[in-house]
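# next come a sequence and a model predicted from it.
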Amino acid sequence: MNDADFARVPARAVTSMIADSFVAAGLPAADAARCAALMTEADLTGADGHGIFRLAQYVRRLKAGGFNAHPNITVTKTAPATALVDGDNGMGHLVMTRAANEAVAIARETGVSWVGVRRSNHAGPAGLYAEVAAAANMIGLYAAVANANHMAVWGGTEHLLGTNPLAIGVPSGDGPIILDMATTIVSYGTVKKYALRGMEMPEGWFVNAKTGAPITDPNRTGEGLLLPVGGYKGSGLAIMLGLLGGVLNGAAFGRDVIDFNADDASECNTGHFICAVDIARFTPLPTFIAEVDRHLADLRGSKRLPGFDEIRLPGDRRRECRAERLRDGVPVAPALLSQLDTLAAELKVKPLRAR
């Protein structure tokens, strides 16, 4: 599919379509606006599998009762530097916004914080929440248990692990540096995006669970396993993040995970955790940022292997993508645009292309 096949939609139109749809599906206006802002940010920063792409699925879960449209999100301080957030099965974006803000507030008092989350839901790209801390001149560390299992433990064949993402945010002179990665080769949202666009997946993403043969048809992923990044290391990382985000918080992990792609009505009990570190407790903030910038310059200016035109660092594509899409609009594939037209008609809201 060529870039010319995609519609370019202004970010404000994406935001208003998402917000109006959520209100029509039963979310309070303020909550709908918050979710819409975060989902648009996902689209702007290139996380296409987590933005408006997810809207129809989220609406289905709201209407089916899989999400609580009016949650009582509570924060329990368990020690000076720790807290546990109960999301009351609310939209994950709302729950994690509360948790990330709480982590920053605690770290301002204690220097470091650890906030666990249970009874949450899919919250979009991990980088959104690590960036909350980085934008507050702190270091942010975030991870979650994915909302479906598509990976096996290394050497196994059962779907017992998810893509369990990890994000780290660090402030710099050019703004937050964000590492946002799945513990699988790609996120499952990317796989769904390939299916919607009718694109074949590269070899090395999925293998058949019985034969180990590559699967490149995204519509046949139910027959296979999504492979971990770095082989056994990615599998091990997914396990450890699952224990910290799930088991530690009384949230789902392993066989307890509900596949929210196949089940719109059941509570997922998604677990997350976020840690914030106040840089000024270790070194003056201006000194830290100057040193970060110096080292980044060294890395960018280092000698390159043949075939590499430039050195790219975490957050580079994110920053460039955001500037380009703010200027030119968010790319929306024809199949997704058609899906959104159908959704708009069902909800009786203005379609995306008319905004």
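Yep, it's here.
# which helix or strand contains His295?
According to DSSP states H and E, His295 maps onto helix 285-300.
# cool, and Val23?
Taking DSSP H and E as the criterion, Val23 maps to helix 11-24.
# please enumerate the helices of the protein.
Ranges of helices in the chain, per DSSP state H, are 11-24, 29-44, 55-64, 92-110, 127-135, 188-196, 232-245, 285-300, 316-328, 334-347.
# tabulate the ones you listed (CSV), appending mean neighbour count.
From N, CA and C alone the C-beta is placed, and that goes for glycine too. CSV is the format used below for the helices of the chain (neighbours: other CB atoms under 10 Å):
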stretch, mean neighbour count
helix 11-24, 22
helix 29-44, 21
helix 55-64, 19
helix 92-110, 22
helix 127-135, 26
helix 188-196, 20
helix 232-245, 20
helix 285-300, 13
helix 316-328, 14
helix 334-347, 16
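# which among those helices is found nearest to Leu226?
Taking CB to CB, helix 188-196 is the member of the helices of the chain nearest to Leu226, at 6.6 Å.
# using PDB, write out every CA atom in that closest one.
Extracted C-alpha coordinates of helix 188-196, given in PDB (Å, rounded to 0.1, in the frame of the first residue of the first chain):
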ATOM      1  CA  TYR A 188       0.100  -7.100  18.300                       C
ATOM      2  CA  GLY A 189      -1.500  -3.800  17.300                       C
ATOM      3  CA  THR A 190       1.000  -3.700  14.400                       C
ATOM      4  CA  VAL A 191      -0.100  -7.100  13.400                       C
ATOM      5  CA  LYS A 192      -3.800  -6.000  13.400                       C
ATOM      6  CA  LYS A 193      -2.800  -3.000  11.400                       C
ATOM      7  CA  TYR A 194      -1.200  -5.200   8.700                       C
ATOM      8  CA  ALA A 195      -4.400  -7.300   8.600                       C
ATOM      9  CA  LEU A 196      -6.600  -4.300   8.200                       C
END
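# which residues touch it?
47-50, 53-54, 146, 148, 150, 163, 200-201, 205-206, 218-219, 221, 226, 261, 333, 335-336, 339 (CB atoms under 8 Å, 6 or more residues apart in numbering).
# go with 6 Å
Applying CB atoms under 6 Å, 6 or more residues apart in numbering, the contact partners of helix 188-196 are Asp48, Gly49, His50, His150, Thr163, Met201, Pro218, Asn219, Thr221, Ala335, Leu336.
# check stretch 105-117 too.
The contact list for stretch 105-117 (CB under 6 Å, 6+ apart) reads 80-85, 99, 102-103, 138, 248-249, 272-278, 281.
# coming back round to it: quick one: list the elements packing against the helix holding Val23.
Counting contacts by 3 or more CB pairs under 6 Å, 6 or more residues apart in numbering; DSSP states H and E, helix 11-24 packs against helix 29-44, helix 55-64.
# weakest of the helices of the chain in terms of mean pLDDT?
Of all the helices of the chain, mean pLDDT reaches its minimum on helix 188-196 (a mean of 84).
# could you identify which of the contacts of helix 188-196 has the most neighbours?
Top of the contacts of helix 188-196 by neighbour number is Thr163, holding 29 neighbours under the definition other CB atoms under 10 Å.
# which residues are in contact with that residue?
Ala146, Ala182, Thr184, Ser187, Tyr188.
# the strands in the stretch 151-300 of the chain, which residues?
Assigned strands in the stretch 151-300 of the chain, in chain order: 166-170, 177-181, 206-208, 214-215, 224-226, 270-278 (criterion: DSSP state E, counting those that start in this stretch).
# what pLDDT is listed against Val170?
98.
# before we move on, what about the one 10 residues further on?
In the prediction, the pLDDT value recorded for Asp180 is 96.
# begin at 28 from here
Understood, numbering begins at 28; the last thing we discussed is Asp207.
# how about it: what's its closest non-neighbour residue?
Leaving aside its sequence neighbours, Asp207 sits nearest to Gly154 (CB to CB, 6 or more residues apart in numbering; 3.4 Å).
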